[in-house]
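J.: Below is the sequence, then the predicted model.
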Amino acid sequence: MRLAAIDCGTHSIRLLISEVDPQSGAMADVMRLNRIVGLGEGVDRTGHLSEAALERTFVAVEEYAGYVRREDVQRIRMVATSASRDADNFSQFSAGVQARLGITPEVISGQVEATLGFAGTLSAHRDIASPALTVDIGGGSTEFAFGQANPDTGQFDQVTAAVSMNMGSTRVTERYLRPAEDARGVPSEDAISQAGQFVDSLIAQAAASVPLERAREVVGVAGSVTTLTALELGLDSYKPDKINGAVLDSGALRERARRLIRMPHAEKAQLGPMHPQRVRQIAGGVLVWERILAWLEAHPAPGSGSGRSDSGTASAGVPRGTFPVRTSENDILDGIILSQIP
């Protein structure tokens, strides 16, 4: 059977159409598309979806509706995330989608978003160590999901802890970095420091409910992470097959992120894997990823005396230091497909 998933976030709207075997659950991509529309542009400040952002998004929805009809899709599910959760005029967006696509988009909670993302990401990577942590850095929020593989099947079919934090590429860029950019588009060191402190505080909150330090494998997803990975791989263009499953050193990724944050817009635009519409907001996303990796490096890894005592506090152990980090092109879209299999 043919199923479709649409994920509408703060920065982009994406479509996945899959051919699915209902008996085995095996999925094969028919098409996977991404349109950067900036639906959540300005929402952090205004709490409102602008007319321009709505129109850009509706153009993409109309395009996707054409593909859904052409590919004879039997079921479709569309979810809307951070920007839609924050917007006071979501009903206007919902009505526009209904008119063009024939379905109503679901505004899902951050918890559901994290759970769908975990399932979708790990369904495509069978060699992941357990327990695993997925980190999905979107435009408005970042989802942390932690889970262990089923000892009988080896599959990650259960999330044991998940949380969504209001930090993402668009939100951090608009709130801290863009107001302090110089003529070249480079934010001030003070603004970078303030953004880092904001992100660090939210990571600490996330760690209170999700055992980040217990993960034996860390998987990053979404555009900020995949673009940074492409750059660290030295790719001359964005190549999903090279990016998907790539394992790189956390220290190297952090250094690449720090350089990218401080790179003028004109130089970013010349980078082969960089989508033109990521140039002005990717700094916020890679800053989030850099701080998450820094937190994990500073905390004990499993097997080094880490863990939690009976009182619930983290026990002492040797800091993890730099460690291998995996990048995934599979994400919440795959989870939305899985959620529709009867």
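T.: Received the coordinates, thanks.
J.: What does Asp200 show for phi and psi?
T.: phi -60, psi -40 (degrees, to the nearest 10).
J.: Does it touch Arg291 like I think?
T.: Yes: taking contacts as CB atoms under 8 Å, Asp200 lies within contact range of Arg291: 5.7 Å. Where C-beta positions appear, they are placed from N, C-alpha and C, glycine not excepted.
J.: from the middle of its chain, how far away would the helix or strand bottoming out on mean pLDDT in the chain be?
T.: None of the helices or strands of the chain scores lower by mean pLDDT, DSSP states H and E than helix 82-86, at a mean of 75. Offset of helix 82-86 from its chain centre (CA atoms, centre = their mean, to the nearest Å): 15 Å.
J.: who does that helix touch, helix- and strand-wise?
T.: Judged by 3 or more CB pairs under 8 Å, 6 or more residues apart in numbering; DSSP states H and E, the packing partners of helix 82-86 are helix 43-46.
J.: again, only this time at 7 Å
T.: Packed against helix 82-86, as judged by 3 or more CB pairs under 7 Å, 6 or more residues apart in numbering; DSSP states H and E, are no other helices or strands.
J.: from here on, count from 43
T.: Happy to do that; since the first residue is 43 now, the last one works out to helix 124-128.
J.: ok, residues contacting it?
T.: Under the contact criterion CB atoms under 7 Å, 6 or more residues apart in numbering, helix 124-128 has outside partners 50-52, 81-82, 85, 89, 91, 132, 135, 149, 180-183, 210.
J.: Can you flag the buried ones in the residues you listed?
T.: When those are checked for burial by 16 or more other CB atoms under 10 Å, the buried set is 50-52, 81-82, 85, 91, 132, 135, 149, 180-183, 210.
J.: From those residues, which land in strands?
T.: Secondary-structure check on those using DSSP state E: residues within strands are Cys50, Val149.
J.: one step back: of Asp242 and Arg333, which one has the most company?
T.: Just comparing Asp242 and Arg333: by other CB atoms under 10 Å the higher neighbour count belongs to Arg333, 22 against 14.
J.: Report the separation between that one and Ala250.
T.: Separation of Arg333 from Ala250 (CB to CB, to the nearest Å): 16 Å.
J.: Tell me where the stretch 193-342 of the chain has helices.
T.: Applying DSSP state H, counting those that start in this stretch to the stretch 193-342 of the chain gives helices spanning 211-214, 231-251, 265-275, 282-285, 292-303, 307-311, 324-340.
J.: Tell me which of those helices sits most buried.
T.: Mean neighbour count (mean count of other CB atoms under 10 Å) peaks for helix 211-214 among the helices of the stretch 193-342 of the chain, with a mean of 29.
J.: what residues does it touch?
T.: 52-53, 82-83, 86, 179, 181-182, 237, 241, 266, 323-324, 326-327, 329-330.
J.: Let's see that with 8 Å instead.
T.: Here helix 211-214 makes contact (CB atoms under 8 Å, 6 or more residues apart in numbering) with 52-53, 80, 82-83, 86, 124, 179-183, 237, 240-241, 265-266, 323-330.
J.: Likewise for stretch 272-282?
T.: The contact list for stretch 272-282, computed with CB under 8 Å, 6+ apart, reads 268-269, 284-285, 288, 290, 294-295, 298, 302, 313-317, 371.
J.: go with 7 Å
T.: Residues contacting stretch 272-282 (CB under 7 Å, 6+ apart): Lys284, Ile285, Ala288, Leu290, Ala294, Leu295, Arg298, Leu313, Gly314, Pro315, Glu371.
J.: Look at that stretch and report the distance between its end residues.
T.: Separation of the first and last residues of stretch 272-282 by CA to CA, to the nearest Å is 9 Å.
J.: same question, stretch 52-71
T.: Stretch 52-71 has an end-to-end distance of 24 Å (criterion: CA to CA).
J.: again, but for stretch 270-284
T.: Its start and end residues considered, stretch 270-284 measures 13 Å (CA to CA).
J.: quick one, what contacts the residue nearest to Thr123 when sequence neighbours are not counted?
T.: Distances taken as CB to CB, 6 or more residues apart in numbering place Gly51 nearest to Thr123, at 4.9 Å, with adjacent residues excluded. Each residue near Gly51 by CB under 7 Å, 6+ apart is listed here: Thr123, Ser124, Ala125, Gly180, Gly181.
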